[in-house]
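I'd like to go over a predicted model; first the sequence, then the structure.
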Amino acid sequence: MEREDNTAADLKASELEKCRDHLNSIFTRWEPVFPEPPTKQPGEPLKSADLGDETVSLTCASAYTVTKWLVKSMVEHRLNMQNVSLTLRWLQNCILPHSAAVREMLRDETLRNNIFRFYMRICEASSGTAGLFKELCLFSSVMLHLMDAQGLTKNSFHELVKKLCLSAMTEEGANKKAVCVFLTSVYIGDIWLGAQEPDMLITHVKLICSSTDDKLNDNDLETHKQGEETIMPLCKTLYLAALGN
């Protein structure tokens, strides 16, 4: 009897998992459509109703609801990498271009926390799977955009880290890509959680560079082993920025 109950429970869980996968596929193929601002004749007053406020509000609410479900699903259930990829590309292509939808999404503290939890899950998963670097690079780009939207970028490192993230997305070398992704993720972890400055990133960079100050000042990196040759040039600019703080 107990075995039958366990079998039934496993079957139910399996069916629910399939339903979540189907819903994810459906939601990430939906594209919110925002009305274009209307044209008016010179001198003609533009009424608020003409702007399609109700349509924008409804679209934003719908986009927020779908985003909340997708992110919560990524956080609370087994990671399906196809769904992860679809979700990230949907966020990038269908949500981020619309500032109204982004604002609506970021008003929800629980959703903001779940976005960060989702990001950390991908960071952890990518540490053992080289194939996830592409998704993590994309997710880092999404996170940096959301940080911009929240005004969390008033530090001297943000533009440098954005360049690192862009480099990670275009870099072909596995070692350099991994270093760019790692440094970007450390920065995002600092600032998303409310730090005024990326203290953890600064600590990492200083630890890496402090033992080679003379070499840095002389621009002489030829004696380093392969791993250090990869990370040192990337850390140098960040190191100098840290010294300037």
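Thanks, I have the structure now. Residues are numbered from 1 along each chain as shown.

show me the protein divided up by domain.
As given by automatic domain parsing, the domain ranges for the chain are 19-30+53-129, 152-245.

got any ranges where the protein has weak pLDDT?
Low-confidence segments of the chain, defined by pLDDT under 70: 1-13, 36-52, 128-131, 211-230, 242-245.

mind listing the strands in it by residue range?
For the chain, applying DSSP state E gives no strands.

let me see the ranges of the helices in it.
Counting by DSSP state H, the chain has helices at residues 2-27, 53-76, 81-90, 99-106, 109-126, 133-149, 158-170, 174-192, 199-209, 213-217, 226-243.

of all those helices, which one is nearest residue 33?
Among the helices of the chain, the nearest to residue 33 by C-beta to C-beta is helix 53-76 (6.8 Å). (C-beta placed from N, C-alpha, C; glycine too.)

return the list of helices and strands in contact with that closest one.
Judged by 3 or more C-beta pairs under 8 Å, 6 or more residues apart in numbering; DSSP states H and E, helix 53-76 is in contact with helix 2-27, helix 81-90, helix 99-106, helix 109-126.

can you list these in a markdown table and add distance to residue 56 and mean neighbour count?
Converted to a markdown table, the helices and strands packed on helix 53-76 look like this (distance: least, C-beta to C-beta, whole Å; neighbours: other C-beta atoms under 10 Å):
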| stretch | distance to residue 56 | mean neighbour count |
| --- | --- | --- |
| helix 2-27 | 20 | 11 |
| helix 81-90 | 19 | 18 |
| helix 99-106 | 6 | 18 |
| helix 109-126 | 19 | 17 |
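
name the nearest residue to residue 20, ignoring sequence neighbours.
Spatial nearest neighbour of residue 20, excluding adjacent residues (C-beta to C-beta, 6 or more residues apart in numbering): residue 73 at 5.7 Å.

what's near enough to touch that neighbour?
Residue 73 sits next to 20, 23, 24, 83 when contact means C-beta atoms under 8 Å, 6 or more residues apart in numbering.

out of these, which is nearest to residue 147?
Distance to residue 147, by C-beta to C-beta, is smallest for residue 83 among these, at 24.1 Å.

how near is that closest one to residue 122?
Applying C-beta to C-beta, to the nearest Å, the value for residue 83 to residue 122 is 12 Å.

and residue 238, by the same measure?
Distance from residue 238 to residue 122, by C-beta to C-beta: 23 Å.

also residue 112?
16 Å.

ok, now which ones touch residue 71?
Residue 71 touches 87, 111, 114, 115, 118, counting by C-beta under 8 Å, 6+ apart.

ok, 7 Å please
Neighbour list for residue 71: 111, 114, 115, 118 [criterion: C-beta atoms under 7 Å, 6 or more residues apart in numbering].
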